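Visitor: Below are the sequence and a predicted model for it; my questions follow.
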Amino acid sequence: MKNGSYDVWLYFSENYHNKANERSFDVKINGVTKLSGFDIYSEAGGSFKEFAKFFPVEVTDGLITIATTGHKDVATINGISV
């Protein structure tokens, strides 16, 4: 990948839990925390409701690295586009 500015979209849907605060996690892109204590259910307003989050990212080493850290249950991202 060439160095430069990119638009990173992360797609989510809570397809397992049916109430808030059952899953929470952090998301880092290229070492920068973009989401902290993220709860898909709360953000979407329920189960099986898809939505996307957009993040501008600057690439300086030819890579986009996405890392998650689960706080409660496992982190889940349903799709990624750049």
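Guide: In hand now; what should we look at?

Visitor: what are the ranges of the helices in this protein?
Guide: Using DSSP state H, the helices of the chain run over 40-44.

Visitor: low-scoring pLDDT stretches of it, where are they?
Guide: Within the chain, no stretch has pLDDT under 70.

Visitor: residue boundaries of the strands in the chain?
Guide: Secondary structure of the chain (DSSP state E): strands located at 4-12, 24-29, 32-38, 51-59, 66-72, 79-81.

Visitor: Need the ones you listed in CSV (columns: mean neighbour count and distance to residue 44).
Guide: C-beta coordinates here come from the backbone N, C-alpha and C atoms, glycine included. Below are the strands of the chain laid out as CSV (neighbours: other C-beta atoms under 10 Å; distance: least, C-beta to C-beta, whole Å):
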stretch, mean neighbour count, distance to residue 44
strand 4-12, 14, 7
strand 24-29, 18, 14
strand 32-38, 14, 11
strand 51-59, 13, 5
strand 66-72, 13, 16
strand 79-81, 11, 14
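
Visitor: out of these, nearest to residue 45?
Guide: Closest to residue 45 of the strands of the chain, according to C-beta to C-beta: strand 51-59, at 8.9 Å.

Visitor: Output the closest one as CSV, nothing but the C-alphas.
Guide: Output of strand 51-59 as CSV, limited to C-alpha atoms (Å, rounded to 0.1, in the frame of the first residue of the first chain):
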residue,chain,number,x,y,z
PHE,A,51,-23.9,0.4,10.9
ALA,A,52,-20.5,1.7,9.9
LYS,A,53,-17.9,3.9,11.6
PHE,A,54,-15.5,6.0,9.5
PHE,A,55,-11.9,6.9,10.4
PRO,A,56,-9.3,8.9,8.4
VAL,A,57,-6.0,7.2,8.6
GLU,A,58,-2.5,8.4,7.6
VAL,A,59,-0.2,5.6,6.3
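
Visitor: what lines up beside it in the sheet?
Guide: Note on strand 51-59: by DSSP bridges, its sheet partners are strand 4-12 (antiparallel).
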